[in-house]
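>>> show me the folded form of this:
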Amino acid sequence: MKQTLTNVTYFPGGPSKPVDIVIQDGIIESITPSNPRSPKRGFNAKAYWVLPGFVNGHTHVAMTFMKSLCPQVRNVIHRWMFPLESKLTEEDVYHFSRLGIAECLLGGSTSIFDHYYYPSAIAEAAKDLGIRAAIAPTVLTRGGPFPKKTLYDEMVRFFKRSAHALIHPVVGPHATNTVHPKDMGHLIEFAKDGNFPIHMHVSQTEYEFKHAKEKLGMTPIAFLEKLNCFDQPTLLAHAIYLEKDDFKRLDHPNIVLGICPSALVLFDKLCPKDLFHKKNISIGCDACSNNDTMDIGKEARNFVLFARALQDQAFPTQKPNPEKVLRSMQNGALQILRKKHLKGKIQVGAAADLVFIQKDALNLHPLFDPHWAFTMNLWPENITHVMVNGQFVVKHRQLTQVKAATVLKESTKYLKRLLKRTGLPKRLWAEPFSS
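You can find the predicted model right below:
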């Protein structure tokens, strides 16, 4: 399928004068100067700034069903998440994922890097709404809501059936304390044998860090290094509890760090300040259970604000660069996929994953520094259209592949069923949130 975008002003890297962009089968085929004398066919982008689509670098989109609950509860993973998740069905995850993905798209995310159970259901939801999804089937072999064999078998089935232009399979061990060392080794070997990337949580909690030191005799990151995990492209989410040598390990060229500022503050604490200045960063929203929103623009703002709040007063010039932050929103985690057409850029040969931002948005003016404006001042309502793989999946702030009302209605219906199965409403009223 071929289509043309006319009168395009794109950023970053675009020329000062408008261009026409021809897209063929989801890939940018040509970029040429607009000719005002030639007949214009296709989509007129004159009223918009066009940017590479945003990449949500660490998500659990199905966890919309826990929105507003978890930040108020101590020991939330074992006390609330695992018991609730043990009652989830594949249909639940499908409908909850659609709700989370809808919010991602309306905020300008054209790609998500998701980590959760029932990966095939997440993939179907992603295909329904038209988002690009790198999906890591969550595997735990110590504790957790599902038996080890069930999760492993589900992972293998997903990898066999995941062939689709928008779906990218990723190996997803949960964390060093929830996956037995032998099983972690097997998962890493599985990734190597199939040349798959890896996406996992690391050093997210003090308990995980202490567990690794006591049981493994080293930090979680040192343990993964020992297992040669970083031979594969690896997305490491959080990295809060670190030792000095871990910072050097995290400079490995195959590692991308998934930083989720809001979730870290609400869930535990911020990662060390030095991580904010690493080159290999991807910004993510984490789960709605930890964040309450899938707005990647808000995460970019918080990334800058938290980094500045943590900066060393002795070195006040070490501030987050808005150009770097914007680039991390646009290519970040895409690096682990090693795909030539997925670079987070507007150029010939790149995937047509684009966001269209209103030029007349009051909150973006005056536009002295576009990098700063699109990092700090951008709101979801400024994003009028969203394109993924050459298809408009949001047009005039409306989802094009499904009706938003249907997504909300169905997710609400399945949430009511889940609440009835788990007895959650009674537990909520019986227990104080802060206990």
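
>>> domains for the protein, by residue range?
Using automatic domain parsing, the domain ranges for the chain come out as 2-52+342-396, 54-337.

>>> got the end-to-end distance for the shortest one?
Its start and end residues considered, domain 2-52+342-396 measures 21 Å (Cα to Cα, to the nearest Å).

>>> ok now it, how far from the chain's centre?
Using Cα atoms, centre = their mean, to the nearest Å, the distance from the centre of domain 2-52+342-396 to the centre of the chain it belongs to is 21 Å.

>>> before we move on, what about the longest one?
What separates the centre of domain 54-337 from the centre of its chain is 8 Å, taken as Cα atoms, centre = their mean.

>>> can we start the residue count at 34 from this point?
In the new count, where the first residue is 34, that last one comes out as domain 87-370.

>>> gap between the two ends of it?
Chord length of domain 87-370, first to last residue, is 15 Å (Cα to Cα).

>>> closest to residue 446 out of the domains of the chain?
When the domains of the chain are ranked by distance to residue 446, counting by Cβ to Cβ, first place goes to domain 87-370 at 7.7 Å. Yep, even glycine has a C-beta here, placed from its N, CA and C like the rest.

>>> these two touch, right, residue 311 and residue 290?
Yes: between residue 311 and residue 290 there is a contact at 5.9 Å, judged by Cβ atoms under 8 Å.

>>> mutual contacts of these two, please.
Common neighbours of residue 311 and residue 290, counting by Cβ atoms under 8 Å, 6 or more residues apart in numbering, are residue 283.

>>> so the two - more neighbours on which side?
Legend: neighbour count by other Cβ atoms under 10 Å for residue 311 and residue 290, higher for residue 290 (27 against 18).

>>> tell me if that one really is in a helix.
No: the assignment for residue 290, made by DSSP: H, G, I helix; E, B strand; the rest coil, is strand rather than a helix.

>>> shaky segments in the stretch 34-183 of the chain?
Per-residue confidence for the stretch 34-183 of the chain (pLDDT under 70) gives these ranges: 72-73, 103-109.

>>> mind listing the helices for it?
In chain order, the stretch 34-183 of the chain shows helices spanning 109, 115-118, 123-139, 152-162, 181-194, with DSSP state H, counting those that start in this stretch as the criterion.

>>> also the stretch 334-468 of the chain?
For the stretch 334-468 of the chain, the helices defined by DSSP H, counting those that start in this stretch occupy 355-363, 403-405, 437-455, 457-463.

>>> for the last one, the averaged confidence score.
I take that to be helix 457-463. The pLDDT scores in helix 457-463 average 55.

>>> what's the spacing between residue 262 and residue 293?
Relative to residue 293, residue 262 is positioned 20 Å away (Cβ to Cβ, to the nearest Å).

>>> ditto for residue 316
The gap separating residue 316 from residue 293 is 7 Å, by Cβ to Cβ.

>>> now for the two: what residues contact both?
residue 332.

>>> related to what we said a few turns ago, please name whichever of the domains of the chain is nearest to residue 435.
domain 87-370 (5.9 Å).

>>> quick check: beta-bridge partners of the closest residue to residue 188 other than its chain neighbours?
Distances taken as Cβ to Cβ, 6 or more residues apart in numbering place residue 170 nearest to residue 188, at 4.0 Å, with adjacent residues excluded. Note on residue 170: beta-bridge partners by DSSP bridges are residue 149.
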